[in-house]
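*Asks:* sequence? don't have it. structure:
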């Protein structure tokens, strides 16, 4: 499954399944993503420790990709 995160226009109340319904925080993606999933992260300002969150995703065998600028 693909998950999308966008700190600028996302909301953790969204389903995170498309760029238009992206989560706001990477932490939310950490909670829903599973092994074999991909999390796409849009450029932006993230409150949490992004390297720590990416590491947690990768340890759970989740692929992490950073999207290009808007």
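*Replies:* In hand now; what should we look at? Since the model is a prediction, treat every value here as computed from it, not as a measurement.

*Asks:* what secondary structure does residue 29 sit in?
*Replies:* Of the three states, residue 29 takes helix under DSSP: H, G, I helix; E, B strand; the rest coil.

*Asks:* Which residues are in contact with it?
*Replies:* Contact partners of residue 29, counting by C-beta atoms under 8 Å, 6 or more residues apart in numbering, are 3, 5, 16, 23, 39, 53, 57. C-beta: built from backbone N, CA, C; applies to glycine.

*Asks:* Equivalent analysis for residue 22, please.
*Replies:* If you count contacts by C-beta under 8 Å, 6+ apart, residue 22 has them with 4-6, 9-11, 14, 16, 42.

*Asks:* Report the buried residues of the longest helix seen in the chain.
*Replies:* Among the elements of type helix in the chain, defined by DSSP state H, the one spanning the most residues is helix 50-59. The neighbour-count criterion (16 or more other C-beta atoms under 10 Å) identifies 50, 53-54, 56-57 as the buried residues of helix 50-59.

*Asks:* Helices of this structure, start to end?
*Replies:* Using DSSP H, the helices found in the chain span residues 26-32, 50-59.

*Asks:* Check which helices and strands the last one sits against.
*Replies:* Of the remaining helices and strands, those touching helix 50-59 by 3 or more C-beta pairs under 8 Å, 6 or more residues apart in numbering; DSSP states H and E are helix 26-32, strand 38-41, strand 63-66.

*Asks:* Turn these into TSV, including mean pLDDT.
*Replies:* As requested, those are exported to TSV (pLDDT from 0 to 100):
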stretch	mean pLDDT
helix 26-32	94
strand 38-41	97
strand 63-66	94
